[in-house]
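Asker: structure of the sequence below:
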Amino acid sequence: MSVAPITSSASQESHLVPLDTLMLQVMSERAEQCEETVRIIANEIDAQNQQLDVYNETKEKFLGAQKGDEIVLTEEEYLALETALGEDKIGPDDDDVCEVTSRDPVNGTVTVEIRAKDDNFDENKSVINTALDNEISSLNSLSQMKMIDLQSAMDKYNNAYSSASNFASKYNSSLSNVVSNMR
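Answerer: Numbers count the residues shown, from 1 in each chain. Next up, the predicted model:
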């Protein structure tokens, strides 16, 4: 049978953290976690807004296109087009809606042309614009959901800081009352 060592209460008390310090520390850590969540969500929204800009710029280039025009896209815009249409709609086949006519790796551009075989230019242009509109709509929906997440995270952040501030204020008030009662 083993016996636990006897310790004095003085040595135990030296390792205890005062309750007020512990409470403020926990509340501050919670507020910092909330702040980090807000930053992450804000960065995600920023990235989605940049993607939206690329899709909108891509769409703008196709809106004014006429039969036989070559449309010069940045690599980002081309990837947006490829994502919207799918790889199987870009190429030299008859059922493709557009075709890559050249790539310039130095300038980072891709030149495409809307396919116009069998007088289906307007139909192919409409397919491209609809596909880009669908991607833009999807990104807008995601952005709206992220904005709701951001509002929720901001509420949690504000509540965490408010709780810490209220605790510190009430604790300070209690200490002041104790000191004034001792006089």
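
Asker: hey, let's count contacts and neighbours off CA atoms from now on
Answerer: OK.

Asker: quick one: residue 17 is in a strand?
Answerer: No - Residue 17 is assigned coil when assessed by DSSP: H, G, I helix; E, B strand; the rest coil, not a strand.

Asker: if I look at it, how far off is residue 24?
Answerer: Separation of residue 17 from residue 24 (CA to CA, to the nearest Å) stands at 11 Å.

Asker: which strands or helices does the helix or strand hosting residue 136 pack on?
Answerer: Under the criterion of DSSP states H and E, residue 136 resides in helix 121-182. Packed against helix 121-182 by the contact rule (3 or more CA pairs under 8 Å, 6 or more residues apart in numbering; DSSP states H and E) you find helix 19-63, helix 75-85, strand 109-114.

Asker: how about TSV for those, with mean pLDDT and distance to residue 93 added?
Answerer: TSV is the format used below for the helices and strands packed on helix 121-182 (pLDDT from 0 to 100; distance: least, CA to CA, whole Å):
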stretch	mean pLDDT	distance to residue 93
helix 19-63	90	20
helix 75-85	93	14
strand 109-114	91	12
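
Asker: residue 17 and residue 24: who's more crowded?
Answerer: For residue 17 versus residue 24, neighbours defined as other CA atoms under 10 Å are more numerous around residue 24 (16 against 10).

Asker: that one against residue 164, yeah?
Answerer: Yes - Residue 24 is in contact with residue 164 according to CA atoms under 8 Å; the separation is 6.2 Å.

Asker: kindly export stretch 153-171 (C-alpha atoms) in PDB.
Answerer: Extracted in PDB, the C-alpha atoms of stretch 153-171 (Å, rounded to 0.1, in the frame of the first residue of the first chain):
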ATOM      1  CA  ALA A 153     -18.400  34.900 -36.700                       C
ATOM      2  CA  MET A 154     -18.400  38.700 -36.100                       C
ATOM      3  CA  ASP A 155     -21.300  38.300 -33.600                       C
ATOM      4  CA  LYS A 156     -19.300  35.700 -31.700                       C
ATOM      5  CA  TYR A 157     -16.200  37.900 -31.800                       C
ATOM      6  CA  ASN A 158     -18.100  40.900 -30.400                       C
ATOM      7  CA  ASN A 159     -19.800  38.800 -27.700                       C
ATOM      8  CA  ALA A 160     -16.500  37.300 -26.600                       C
ATOM      9  CA  TYR A 161     -14.800  40.700 -26.300                       C
ATOM     10  CA  SER A 162     -17.900  42.100 -24.600                       C
ATOM     11  CA  SER A 163     -18.000  39.300 -22.100                       C
ATOM     12  CA  ALA A 164     -14.300  39.800 -21.300                       C
ATOM     13  CA  SER A 165     -14.800  43.500 -20.900                       C
ATOM     14  CA  ASN A 166     -17.900  43.200 -18.700                       C
ATOM     15  CA  PHE A 167     -16.100  40.600 -16.500                       C
ATOM     16  CA  ALA A 168     -13.100  42.900 -16.100                       C
ATOM     17  CA  SER A 169     -15.300  45.900 -15.300                       C
ATOM     18  CA  LYS A 170     -17.500  44.000 -12.800                       C
ATOM     19  CA  TYR A 171     -14.400  42.400 -11.200                       C
END
